[in-house]
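S.K.: Predicted model and sequence below, questions to follow.
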Amino acid sequence: MDDLVETLAIGLAVSILLIVVSWWFWKRYDRPSEAQLEREESIAKKEQETRMWRAVEAQMQQEKALLEEKALYERRKAEERARALPPPMSEVSDAFAAFNLAQQPEPTFEQSETAPSAEAARVDSLPEADDDDVLLIDEPLEVRRDEGVILEEGQALPEMPDEVEPQGEPLDIEQVIPPAPDLDALLGTDSSKDEEAWPSAEEPAIDDSDWSDNWFKNLEEKD
């Protein structure tokens, strides 16, 4: 039994020692070679290029979609413009000839005569005035024309007369302004009229005698 324990202990110690030695050798000598390093670098470059090309392809697809959409829009606009244009006269004449119809004149947007304005149309709509009595005058009337003042070269302009104020007698302020009324006389007459119209009631005189004296006098007279 002792031999077995001793053997196991020795094996455990040797295994621990071998693990430490192998770990040291792996740490010291187990490194990637130059070929391995180059391979790893090439793999990293390929991954980077792949990501870059994917981004470029996505951008190109987006630009292509935009160009296709723009081309479709331009094509639709061209079709609309082509539909808006009138057909050529040769095709129109052939179509009319097929239906045995006379060729109609091509409509133009240019007007031969100017369109009447609103005022002209309003004047045309007004009834015509009867001016026969004016036209039946035997002799034309002569209009008097006064010749203006003709000034020669270098002659001064005539001076215009100043406005002459009308001469008259000076106004007397005392005569123009009426005298002021006598307020005292007016107030006196008004107050007298008011007193006559509304007579004032006289208040009864107040007896200053003592009421007790009168009471005693009344009692003595009764006795």
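M.R.: Yep, it's here.

S.K.: Count the residues that sit near Y29.
M.R.: Close neighbours of Y29, defined as other C-beta atoms under 10 Å, add up to 7. Any C-beta I mention is one placed from the backbone N, CA and C, and that applies to glycine too.

S.K.: how near is it to W23?
M.R.: Note on Y29: its distance to W23, by C-beta to C-beta, to the nearest Å, is 12 Å.

S.K.: now do I10
M.R.: 21 Å.

S.K.: Repeat that for E40.
M.R.: Taking C-beta to C-beta, one finds E40 at 24 Å from W23.

S.K.: repeat for A97
M.R.: From A97 to W23 the distance is 107 Å (C-beta to C-beta).

S.K.: Next: S93.
M.R.: 104 Å.

S.K.: quick one: low-confidence ranges for this protein?
M.R.: In the predicted model of the chain, residues 1, 100-152, 154-181, 184-223 satisfy pLDDT under 70.

S.K.: again, only this time at 50
M.R.: 102-103, 164, 201 (pLDDT under 50).

S.K.: and the longest helix for it?
M.R.: Using DSSP state H, we find that the single longest helix of the chain is helix 34-84.

S.K.: And the next helix or strand past it?
M.R.: helix 89-98 (DSSP states H and E).

S.K.: Provide the secondary structure category for R31.
M.R.: coil (DSSP: H, G, I helix; E, B strand; the rest coil).

S.K.: Backbone dihedrals for it, please?
M.R.: Per-residue torsions, R31: phi -130, psi 150 (degrees, to the nearest 10).

S.K.: any idea how far it lies from I43?
M.R.: From R31 over to I43 (counting by C-beta to C-beta), the distance is 18 Å.

S.K.: just K64 next, same as before
M.R.: Counting by C-beta to C-beta, the gap from K64 to I43 is 31 Å.

S.K.: Kindly report the same for R51.
M.R.: For R51, the distance to I43 - C-beta to C-beta - is 13 Å.
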